[in-house]
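Visitor: Sequence plus the predicted model coming up.
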There are 2 protein chains.
Amino acid sequence: MSEIKQDANKKGLLVVVSGPSGVGKGTVLSKVLESSDEYVYSVSATTREPREGDKDGVNYFFISKQEFEKRIEEDKFLEYAEYNGNYYGTPKDYVEKKLAEGKNVFLEIEVQGAMQIKTKCPDAFMVFIAPESKEALIERLKGRATETQEAINNRIKIAERELRACLIYDRIAINETGKIDECAADVMAAVRAEKLKPERIFDKIKQFIQ
Amino acid sequence: MSEIKQDANKKGLLVVVSGPSGVGKGTVLSKVLESSDEYVYSVSATTREPREGDKDGVNYFFISKQEFEKRIEEDKFLEYAEYNGNYYGTPKDYVEKKLAEGKNVFLEIEVQGAMQIKTKCPDAFMVFIAPESKEALIERLKGRATETQEAINNRIKIAERELRACLIYDRIAINETGKIDECAADVMAAVRAEKLKPERIFDKIKQFIQ
């Protein structure tokens, strides 16, 4: 079985968060996760070596390349990708366990990975963090870049492509400059409201129909 | 034109709230409306005589029967009904004005009226306030009733029919005993999140697509 069925009895929601590089996704999600223990991050598996301070099961699940490829074969990842010769992936069993505990599990992932997840988990709730304007984002990318002009142009091109993908998400939270708490509150409201959909609470309301 | 077009530039959302008699809609909505001036009630028009303390334009817009019927002809109501020989209706121009000011306008209305509104305003956001169980609601209706057994049974029958309608609403907020603040927070989250839909903020995000 390659899908995660989200039982309506469980309270947890799988929340996929995307947004262009430089938009402030990390800061927004930190605010959300700090606010309540009903929100948890998904912990990824990787084949890269642990760095100083890395804790297995907290920062990543550190596993061997052989083990990772075995799990790919066994369809144990919601999505995975290879960067710089190392694998990174989202373990299905970890996400399932947290959802079963009633946690809202957040995956921060780029647009293509997000689409992979939506295919495997049609119930996943897709949130896009957007900047207040394309120009503001481009300025930010330029400001942060310590790279060649070509590398900067390439990052801008990727950001523009990612911005166009926002329309396929369920909700868009705009991270306006200086209003990060508002954006975090938007994300939390979006998750809370999604769980009020009739189809998500059918077990609670079916008594009304019978 | 018989529809209210909700411009994406405007912040206001038309929120239709229904729920069976006895569920506590009024108390929940009071909590919501007290919390912020971005929420307003729709003021109805009526042909009944003002009672002591009634203020025109606050409790109701008091108009003559002739004027009311003229406005029906001119399609000036989102919905209207007749009770005890008096008309009651939701004036389209008042709702439009408040939406244009960026207010979220709440209409508290029974299921059939709600469906009338949804037909005229496909953008209306439909919220249902439900009890934690059918039994709890029935007990409450029985407790409150000072009527004949037949009248009580009739009220229960209406409540049961209304509960079955919850599935056609966009969101269901369950008003659990002793958790009225939670239910009000659900309603507010639902409104906030609805306004994060890509199609509702298209004017803000179309720059990303161009």
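Guide: Structure received. Residues are numbered from 1 along each chain as shown, chains lettered A, B, ... in the order given.

Visitor: is residue A:130 in a bridge, and if so with what?
Guide: Listed beta-bridge partners, residue A:130: residue A:174 (assigned using DSSP bridges).

Visitor: Contacts only, for it.
Guide: A:19, A:20, A:23, A:163, A:166, A:172, A:173, A:174, A:175, B:205, B:208 (Cβ atoms under 8 Å, 6 or more residues apart in numbering or on different chains). For the C-beta atoms, the positions are set from N, CA and C on the backbone; glycine is no exception.

Visitor: Repeat the analysis, applying 10 Å as the threshold.
Guide: A:18-20, A:23, A:137, A:162-163, A:166, A:169, A:172-176, A:183, B:198, B:201, B:204-205, B:208 (Cβ atoms under 10 Å, 6 or more residues apart in numbering or on different chains).

Visitor: pLDDT score assigned to it?
Guide: Listed pLDDT for residue A:130 reads 96.

Visitor: With residue A:144 instead?
Guide: pLDDT recorded at residue A:144 is 68.

Visitor: and if you look at residue A:3?
Guide: 52.

Visitor: Now do the end-to-end distance for stretch A:190-207.
Guide: Stretch A:190-207 stretches 26 Å from its first residue to its last (Cα to Cα, to the nearest Å).

Visitor: Rounded mean pLDDT for it, please.
Guide: The predicted model assigns stretch A:190-207 a mean pLDDT of 93.

Visitor: and it with chain B, contact?
Guide: Yes. Residues of stretch A:190-207 contacting chain B under Cβ under 10 Å from any Cβ of the partner chain: A:190-202, A:204-207.

Visitor: mind listing what's buried in that stretch?
Guide: Neighbour counts over stretch A:190-207 (16 or more other Cβ atoms under 10 Å in any protein chain shown) mark A:190-198, A:200-201, A:204-205 as buried.

Visitor: Could I get these in CSV, plus columns for secondary structure and distance to residue A:123?
Guide: Converted to CSV, those look like this (DSSP: H, G, I helix; E, B strand; the rest coil; distance: Cβ to Cβ, whole Å):
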residue, secondary structure, distance to residue A:123
A:190, helix, 15
A:191, helix, 13
A:192, helix, 16
A:193, helix, 15
A:194, helix, 10
A:195, coil, 11
A:196, coil, 15
A:197, coil, 10
A:198, helix, 14
A:200, helix, 8
A:201, helix, 13
A:204, helix, 17
A:205, helix, 17
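
Visitor: Tell me the helices and strands packed up against the helix or strand of chain A with the lowest mean pLDDT.
Guide: Sorting the helices and strands of chain A by mean pLDDT, DSSP states H and E puts helix A:134-144 at the bottom, at a mean of 84. If you count contacts as 3 or more Cβ pairs under 10 Å, 6 or more residues apart in numbering or on different chains; DSSP states H and E, helix A:134-144 packs onto strand A:125-131, helix A:149-164, helix B:202-209.

Visitor: Could you check the angle the shortest one makes with helix A:134-144?
Guide: Per axes from the mean of the first three to the mean of the last three Cα atoms, to 10 degrees, the angle that strand A:125-131 makes with helix A:134-144 is 80 degrees.

Visitor: Dump strand A:125-131 to CSV, restricted to CA.
Guide: The C-alpha coordinates for strand A:125-131 follow below in CSV (Å, rounded to 0.1, in the frame of the first residue of the first chain):
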residue,chain,number,x,y,z
PHE,A,125,-3.2,19.7,3.1
MET,A,126,-1.0,21.9,0.9
VAL,A,127,0.1,25.3,2.2
PHE,A,128,2.2,27.8,0.2
ILE,A,129,4.1,30.6,1.9
ALA,A,130,4.4,33.5,-0.5
PRO,A,131,6.2,36.8,-0.3
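
Visitor: which stretches of chain A have low pLDDT?
Guide: Along chain A, the parts satisfying pLDDT under 70 run over A:1-10, A:144-146.

Visitor: Recalculate using a threshold of 80.
Guide: A:1-11, A:143-147 (pLDDT under 80).

Visitor: just the helices in it please.
Guide: Taking DSSP state H to define them, one finds helices in chain A at A:25-35, A:65-73, A:92-100, A:111-120, A:134-144, A:149-164, A:180-194, A:202-209.

Visitor: gap between residue A:160 and chain B?
Guide: Distance from residue A:160 to chain B, counting by Cβ to the nearest Cβ, to the nearest Å: 8 Å.

Visitor: Nearest spatial neighbour of that residue, chain-adjacent residues omitted?
Guide: Excluding its sequence neighbours, the residue lying closest to residue A:160 (Cβ to Cβ, 6 or more residues apart in numbering or on different chains) is residue A:134, at 6.9 Å.

Visitor: Go ahead and confirm that neighbour touches residue A:166.
Guide: No. Judged on Cβ atoms under 10 Å, residue A:134 makes no contact with residue A:166 at a distance of 11.2 Å.

Visitor: thinking again about what came up before, put the alpha carbons of the least confident helix or strand of chain A into CSV.
Guide: Output of helix A:134-144 as CSV, limited to C-alpha atoms (Å, rounded to 0.1, in the frame of the first residue of the first chain):
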residue,chain,number,x,y,z
LYS,A,134,8.0,39.1,-6.5
GLU,A,135,10.3,42.1,-6.4
ALA,A,136,10.7,41.9,-2.6
LEU,A,137,11.7,38.2,-2.9
ILE,A,138,14.2,38.9,-5.7
GLU,A,139,15.8,41.7,-3.7
ARG,A,140,16.1,39.3,-0.7
LEU,A,141,17.7,36.6,-2.8
LYS,A,142,20.2,39.1,-4.3
GLY,A,143,21.0,40.4,-0.8
ARG,A,144,21.7,37.0,0.6
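
Visitor: Give me the contact list for it.
Guide: For helix A:134-144, the surrounding residues in contact (Cβ under 10 Å, 6+ apart) are A:19-24, A:130-131, A:133, A:149, A:152-153, A:155-156, A:158-160, A:162-163, A:175-177, B:205, B:207-210.
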